[in-house]
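S.K.: Based on what follows, work out the 3D shape:
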Amino acid sequence: MIAVLLAFVSASAAAVPHRDEASVEELKARLSSASVPDRPHICVEIAEKQLTEVDKLYAASDVERAQASLTDVVTYSEMARDYAIQSHKYQKQAEIAVRGMARRLTGILHSLGGDEQVPVKDAVTKLERVRDDLLSSMFKKVGK
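M.R.: Okay, the predicted model is just below:
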């Protein structure tokens, strides 16, 4: 009896997708209806999912689609920065996530040929700017 119950529970758990497994399109749709303090987290999640896609696409030599996803990584990282600064929420977490994405992109960069490196280098530069903006917002200098 217990074995049947366990089998049923595991089968139903496998059939129900976890919230963490939302697609990029679902996250983009959720973003428009989310409150401003919730938006940085959603934007970071979209950027991270797109970064995973960038890695897969470059590995498969699908450069055009990889660069389109790379654009999303930068765009949603910048949106996360903007929403985090605006709401004063999730700034530290966004900075940490963007730092990790920049590090992953640097790793991808080393596996690419010369022509393919340019957009990735540009993306890393933009993510570093996002990090700088978040850090500046968190640690504002106070006048003496």
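S.K.: quick one: low-confidence ranges for the chain?
M.R.: Where the chain drops to pLDDT under 70, the residues are 1-20, 142-144.
S.K.: The same query, at a cut-off of 80, please.
M.R.: Residue ranges of the chain with pLDDT under 80: 1-21, 141-144.
S.K.: residue ranges for the helices of this structure, please.
M.R.: 2-15, 24-33, 39-59, 63-87, 91-109, 114-138 (DSSP state H).
S.K.: helices or strands next to the shortest one in the packing?
M.R.: Going back to what we said before, that points to helix 24-33. Applying 3 or more CB pairs under 8 Å, 6 or more residues apart in numbering; DSSP states H and E, one finds that helix 24-33 contacts helix 39-59. Where C-beta positions appear, they are placed from N, C-alpha and C, glycine not excepted.
S.K.: Run the chain-centre distance for the helix it packs on.
M.R.: On the basis of CA atoms, centre = their mean, to the nearest Å, helix 39-59 sits 4 Å off its chain's mean C-alpha point.
S.K.: Check the gap between the nearest residue to residue 119 once chain neighbours are set aside and residue 107 for me.
M.R.: Nearest non-adjacent residue to residue 119, counting by CB to CB, 6 or more residues apart in numbering: residue 67, 5.2 Å away. Look at residue 67 and residue 107: by CB to CB, to the nearest Å, they are 17 Å apart.
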